[in-house]
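Asks: what follows is a protein structure lacking sequence information:
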């Protein structure tokens, strides 16, 4: 059976509240063609409308996060 090119393969955002980050169980938000965890910052791809929620396949948050793109602060070690 050949794939129907007219089939809609977009992610159904109505199920977003039923999903959680597999790494930290945090809330996920739709971020273009990815789901991003608001807790740990990991980003998971959506392939053919299906979120790939495998922690080993996640994109880790970068070490340098600008305050414009993140609402969470990264704790720093204080030296005196």
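Replies: Structure's in. What do you need? Computed from a prediction, not measured in an experiment: that's the story for all the values here.

Asks: which pLDDT value belongs to the residue lying closest to residue 61 once chain neighbours are set aside?
Replies: Of all residues not flanking residue 61 in the chain, residue 41 sits nearest, at 3.2 Å (Cβ to Cβ, 6 or more residues apart in numbering). C-beta here means a position set from N, CA and C on the backbone, and glycine is covered the same way. pLDDT, residue 41: 95.

Asks: now swap in the one 3 residues further on and tell me
Replies: The predicted structure scores residue 44 at 96 on the pLDDT scale.

Asks: in this structure it contacts residue 51, no?
Replies: Yes: using Cβ atoms under 8 Å, residue 44 is in contact with residue 51, at 5.8 Å.

Asks: overlap in contacts of the two?
Replies: Common neighbours of residue 44 and residue 51 are listed as 28, 35 (criterion: Cβ atoms under 8 Å, 6 or more residues apart in numbering).

Asks: higher neighbour count, these two?
Replies: Taking neighbours as other Cβ atoms under 10 Å, residue 44 and residue 51 compare with residue 44 leading, 23 against 18.

Asks: which other helices and strands does the host helix or strand of that one contact?
Replies: Here residue 44 sits within strand 43-47, counting by DSSP states H and E. On a contact count with 3 or more Cβ pairs under 8 Å, 6 or more residues apart in numbering; DSSP states H and E, strand 43-47 meets strand 34-37.
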